[in-house]
Each structure stands twice: as structure tokens, then as C-alpha cells.
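Kindly generate the corresponding structure for this input.
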Amino acid sequence: MGRGRQKAKQTKVARELKYRSLSTDFASLEEELRTSSNNIPPAYADLASYIWKSFQHDQQGLPLLVHTDAQYGPDDAFYEAVGRYSLFHTCNTWANNALKSCGQRACLWTAFDEGIFYQYRSEN
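Sure, this is the predicted structure:
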């Protein structure tokens, strides 16, 4: 493994250890991504910013954790979000808006995943 790839892998592992927890400081992560000299694409930092701004925050600025027994896997966590879920604003609408926030192909609006996946078919 080349020296540059090894350094990138070390940075990734360090970032995972630092930020992968229920008490993750997403504001610090966003700042690190924006000011990093690791050639992190601005679109990635824009996406991280969009996700961060989607959370409701407590008085310390941390995302509000939803305490629940509902989980898809052992590492799942649920957080209070800004806005409301409805027929016209679904998880797919949120994901589509996230793609727009970082300049990726996205639908004008969608409530279903098909519109998003359509944007990424190989013939498009």
C-alpha cells in the first residue's frame, strides 16, 4: 500500500473511532471535513452539513436521541429531526433533498425511492 493510501486509511480509521458513537460531535466533524487538507470533496462536506442541520439539538448542541427499543441492527440510533414526516415529506424526500444539497443528481420532488434511483440508472 502506498504511503498516501496508508495515511488516508489511518485518517479514516481515526475519524471512525472519534466520531462513531452516540455522543458524536457532528459540528466538529463538519468543521474537520471543511478544513481538512485530505482533499475531501466539498460535496461531501455539504452533505455532512445537510445531515447535521436535519437534527434537532439539545442545549449542548448535540442531536436529540430518541430512546426506543426499535432497531434494525445492533448499531442503530434514532434522532429527533427538524420538520415532520408526512405523505408529502417522506424519508425519500429527505434523501432527495440531501442529494440536492451536495450538487448530486436528484428529482425535483419525490415521495418514493423510484424517482431517486431513476436518476442513477446507467442510461441517464
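
got the end-to-end distance for stretch 74-90?
End-to-end distance of stretch 74-90: 24 Å, with Cα to Cα, to the nearest Å as the criterion.

An error on my part: the question was meant for stretch 85-105.
23 Å.

in that stretch, what counts as buried?
Judged by neighbour count (16 or more other Cβ atoms under 10 Å), stretch 85-105 contains these buried residues: 92-94, 96-99, 101-102. (Glycine included, C-beta is placed from N, CA and C.)

Likewise for stretch 46-53?
Across stretch 46-53, burial judged by 16+ other Cβ under 10 Å covers 46-51.

would you put the C-alpha positions of it in CSV?
Output of stretch 46-53 as CSV, limited to C-alpha atoms (Å, rounded to 0.1, in the frame of the first residue of the first chain):
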residue,chain,number,x,y,z
ASP,A,46,-22.0,19.9,2.1
LEU,A,47,-23.8,16.5,2.6
ALA,A,48,-22.5,16.3,6.2
SER,A,49,-23.7,19.8,6.8
TYR,A,50,-27.2,19.0,5.5
ILE,A,51,-27.4,15.9,7.7
TRP,A,52,-26.2,17.9,10.8
LYS,A,53,-28.8,20.6,10.2
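
what pLDDT, on average, does it get?
Mean per-residue pLDDT for stretch 46-53: 91.

Now do the same contact list for Arg106.
Careful, residue 106 is Ala and not Arg. 96-97, 99-100, 116, 119 (Cβ atoms under 8 Å, 6 or more residues apart in numbering).

Of the residues you listed, which is the nearest to Ala81?
Among the contacts of Ala106, Asn97 lies closest to Ala81 (Cβ to Cβ), at 12.1 Å.

quick one: that closest one is in a helix?
Yes - membership of Asn97 in a helix is supported by DSSP: H, G, I helix; E, B strand; the rest coil.

on that earlier part again, quickly name whichever of the contacts of Ala106 is closest to Val82.
Closest to Val82, out of all of the contacts of Ala106 and judged by Cβ to Cβ, is Asn97, at 11.5 Å.
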